[in-house]
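J.: here you go, sequence then predicted model.
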Amino acid sequence: MEEKSAESIDQAFHDKEENIFEALFQDLGKHPVESYRDEVGIIEKSATNALNCLEKWMAPTKSRLPLLFFPAKGEVISEPLGVVLVFGSWNFPISLALDPVIGAIAAGNTVMLKASELAPRCASFLAETIPLYMDSNAVKVIVGGVDVGEQLLQQKWDKIFFTGSQRVGRAVMSAAAQHLTPVTLELGGKCPTIVDTLSSPSDIKTMVKRVMGGKWGPCSGQACIGVDYILVEEKFAPTMIDLLKKTIKTFYGDCPIDSENICRIVNTNHFERLHKLLEDPLVAASIIHGGSLDKEKLIIEPTILLNPPLDADIMTEEIFGPLLPIITLNHIQESIEFINSRPKPLTIYAFTKDETFMRQIVSETSSGSVLFNDTIVQFACDVLPFGGVGQSGFGRYHGKYSFDTFSHEKTIMQRSFIIDLEPRYPPWNDFKLKFIRLAYKYDYFNLLLLLIGLKK
């Protein structure tokens, strides 16, 4: 069933690619190239990887047991958890829905997928298409609003996988606790980007493009792993800002609001939330590029802010939109203290060639992941786990890690009747206590040597 399911997803995406592009455009205004890069391609790659690796993932893991247990053998096998509930997310309504589903069915589970109501065309596409390609006894798709989600959470599941906001994540975790259901929470956070001073013009140009790709590239900044703000030394900021402005024009033209290469804000509520962030007079005064909004089109152009107040909402809440604050520092090493004074982020991005500074960032900060000299590409790497820490979530998935997330690793141990150590049984005496002490301290072979006096 697992291989057939993965093949079915792959076939569905092959057959329905244009339908997916249209649904993503209707919901979010995504260009087909962005839709393929972030949605279709991700799922095709994930399904192919699962098909190619499933036999290896499923194979029992043999364990080499200590000689104390001789004669015995042990192994760990993966078994499905049972029936799992997956909540999709509206910003990547196809890939963030089906990527965990692939891991769940690869591990042998049956899945209930709750598609996001905030991306209604994509939700309808999943509900209508999945039954055509997959066994409805293995995977079911349900659509509906908050009330449907709440009803689903009242049921008993063997696993819940949720992608979304910290606020809703708390509600999911609270509901899951009623049944002691294990959960994986993929949440968000303010992902900082540290930009060290760079001397090479080509390196600076590449850095700026990658920062922009990580800020405005994924769904107009509406991404949990997107760049939230930049930390840079004051002396290097003008160079970076000047190139950011020029590259925005290259990417999106003279009037980004009319560009077909930028996604729209998902709905009026989110648009107004972002608008409100800019209404603070001190925040508005920090805008050095952009700031135009079109409520009818739900478009906000790429906007750069320089040193907005650190206690303003834009610097305390996850932005989740195309607004980019830049915070200047006297020394780039101050960025570590700045990050540590805030909740743990999902990802830290850092552009630097200083190996010592790299090690310092890794050892002195805590985050779901760290990526040096690029942004967001870690999400597409199946051989690395993806997940948060602290308020940015917990649990991990992608590739083999998805298979493990939806599996129970069951220990199997088999012993022989040949040898039975009497010191493990009553009645107790000093010799048995000494034997047990030595047994925990030494392996079986050395313990025998100790007992016959050949080893001190």
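T.: That came through, no problem.
J.: domain map for this structure?
T.: 2-187+397-409, 192-386, 429-456 (automatic domain parsing).
J.: what would those domains look like in CSV with distance to F417 and mean neighbour count?
T.: Where you see a C-beta, it was placed from the backbone N, CA and C, and this is true even at glycine. Below are these laid out as CSV (distance: least, C-beta to C-beta, whole Å; neighbours: other C-beta atoms under 10 Å):
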stretch, distance to F417, mean neighbour count
domain 2-187+397-409, 9, 19
domain 192-386, 42, 18
domain 429-456, 17, 12
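J.: adding distance to S416 and mean pLDDT, write those domains out as JSON lines.
T.: As requested, the domains of the chain are exported to JSON lines (distance: least, C-beta to C-beta, whole Å; pLDDT from 0 to 100):
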{"stretch": "domain 2-187+397-409", "distance to S416": "4", "mean pLDDT": "94"}
{"stretch": "domain 192-386", "distance to S416": "38", "mean pLDDT": "96"}
{"stretch": "domain 429-456", "distance to S416": "14", "mean pLDDT": "70"}
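J.: kindly reformat those domains as CSV containing distance to R415.
T.: Listed next are those as CSV, based on distance: least, C-beta to C-beta, whole Å:
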stretch, distance to R415
domain 2-187+397-409, 4
domain 192-386, 34
domain 429-456, 13
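J.: tell me which of those domains sits nearest to I419.
T.: I419 sits nearest to domain 2-187+397-409 of all those, at 6.7 Å, using C-beta to C-beta.
J.: beyond the helix or strand I248 falls within, next helix or strand please.
T.: Assessed by DSSP states H and E, I248 sits inside helix 237-252. Next along the chain after helix 237-252, taking DSSP H and E as the criterion, comes helix 268-279.
J.: and that following helix, what does it pack against?
T.: strand 299-300, helix 313-316, strand 323-329 (3 or more C-beta pairs under 8 Å, 6 or more residues apart in numbering; DSSP states H and E).
J.: how close does P385 get to Q155?
T.: 28 Å (C-beta to C-beta, to the nearest Å).
J.: of the helices and strands packed on helix 268-279, give the one that comes closest to R170.
T.: Closest among the helices and strands packed on helix 268-279, once you apply C-beta to C-beta, is helix 313-316, at 17.7 Å.
J.: ok, residues contacting that closest one?
T.: Under the criterion C-beta atoms under 8 Å, 6 or more residues apart in numbering, residues 190, 229, 276-278, 280, 283, 305, 308-309, 323, 325, 327 lie in contact with helix 313-316.
J.: closest one of the residues you listed to M413?
T.: The closest of these, once distances to M413 are taken by C-beta to C-beta, is K190, at 46.0 Å.
J.: grab the nearest non-local neighbour of L293.
T.: Among residues not flanking L293 along the chain, I300 sits closest, at 5.0 Å (C-beta to C-beta, 6 or more residues apart in numbering).
J.: and what of A350?
T.: Closest to A350 by C-beta to C-beta, 6+ apart is I194, at 4.1 Å.
J.: run me through the strand neighbours of the host helix or strand of the one you found, direction for each.
T.: I194 is located in strand 192-195, with elements delineated by DSSP H and E. Strands adjacent to strand 192-195 in the sheet, as given by DSSP bridges, are strand 229-233 (parallel), strand 347-351 (parallel).
J.: contacts only, for the residue nearest to A350.
T.: I230, L231, V232, I332, S335, I348, Y349, A350, F351, T352, I361.
J.: isn't the fifth one right up against T328?
T.: No. Judged on C-beta atoms under 8 Å, S335 makes no contact with T328 at a distance of 10.7 Å.
J.: three-state assignment of the residue lying closest to P80 once chain neighbours are set aside?
T.: Leaving aside its sequence neighbours, P80 sits nearest to G108 (C-beta to C-beta, 6+ apart; 3.5 Å). Following DSSP: H, G, I helix; E, B strand; the rest coil, G108 is assigned to coil.
J.: so how far is I9 from G108?
T.: Counting by C-beta to C-beta, the gap from G108 to I9 is 16 Å.
J.: just N19 next, same as before
T.: Distance from N19 to I9, by C-beta to C-beta: 14 Å.
J.: list the residues that contact Q391.
T.: Q391 touches Q166, L187, G189, P343, K344, counting by C-beta under 8 Å, 6+ apart.
J.: H398 too?
T.: Counting by C-beta under 8 Å, 6+ apart, H398 has contacts S46, D99, G103, F379, C381, D382, L384, P385, F386.
J.: T405: which of those is nearest?
T.: The closest of those, once distances to T405 are taken by C-beta to C-beta, is G103, at 6.2 Å.
J.: helix/strand/coil for that closest one?
T.: Per three-state DSSP, G103 ends up helix.
J.: ok, now how distant is the nearest residue to it once chain neighbours are set aside from D420?
T.: Once flanking residues are discounted, G103 sits nearest to S402: 2.5 Å by C-beta to C-beta, 6+ apart. Applying C-beta to C-beta, the value for S402 to D420 is 43 Å.
J.: surely K344 is in a helix?
T.: No. With three-state DSSP as the criterion, K344 is assigned coil and is not in a helix.
J.: residues contacting it?
T.: G189, S366, S367, G368, G388, V389, G390, Q391, S392.
J.: reformat the contacts of helix 313-316 as JSON lines; add distance to T375.
T.: As requested, those are arranged in JSON lines below (distance: C-beta to C-beta, whole Å):
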{"residue": "K190", "distance to T375": "14"}
{"residue": "Y229", "distance to T375": "13"}
{"residue": "K276", "distance to T375": "26"}
{"residue": "L277", "distance to T375": "21"}
{"residue": "L278", "distance to T375": "23"}
{"residue": "D280", "distance to T375": "27"}
{"residue": "V283", "distance to T375": "24"}
{"residue": "L305", "distance to T375": "19"}
{"residue": "P308", "distance to T375": "21"}
{"residue": "P309", "distance to T375": "25"}
{"residue": "L323", "distance to T375": "16"}
{"residue": "P325", "distance to T375": "16"}
{"residue": "I327", "distance to T375": "17"}
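J.: out of those, who's nearest N429?
T.: The closest of the contacts of helix 313-316, once distances to N429 are taken by C-beta to C-beta, is K190, at 62.5 Å.
J.: Three-state assignment for that closest one, please.
T.: K190 - assigned by three-state DSSP - is coil.
J.: wait, it sits on I339?
T.: No. K190 is not in contact with I339 according to C-beta under 8 Å; the separation is 9.3 Å.
J.: any shared contact partners between the two?
T.: In contact with both K190 and I339: P345, using C-beta under 8 Å, 6+ apart.
J.: all strands of the stretch 51-200 of the chain, in order?
T.: 61-63, 72-80, 83-87, 110-114, 139-142, 159-163, 183-186, 192-195 (DSSP state E, counting those that start in this stretch).
J.: wait, which of those strands is closest to C53?
T.: Closest among the strands of the stretch 51-200 of the chain, once you apply C-beta to C-beta, is strand 72-80, at 12.8 Å.
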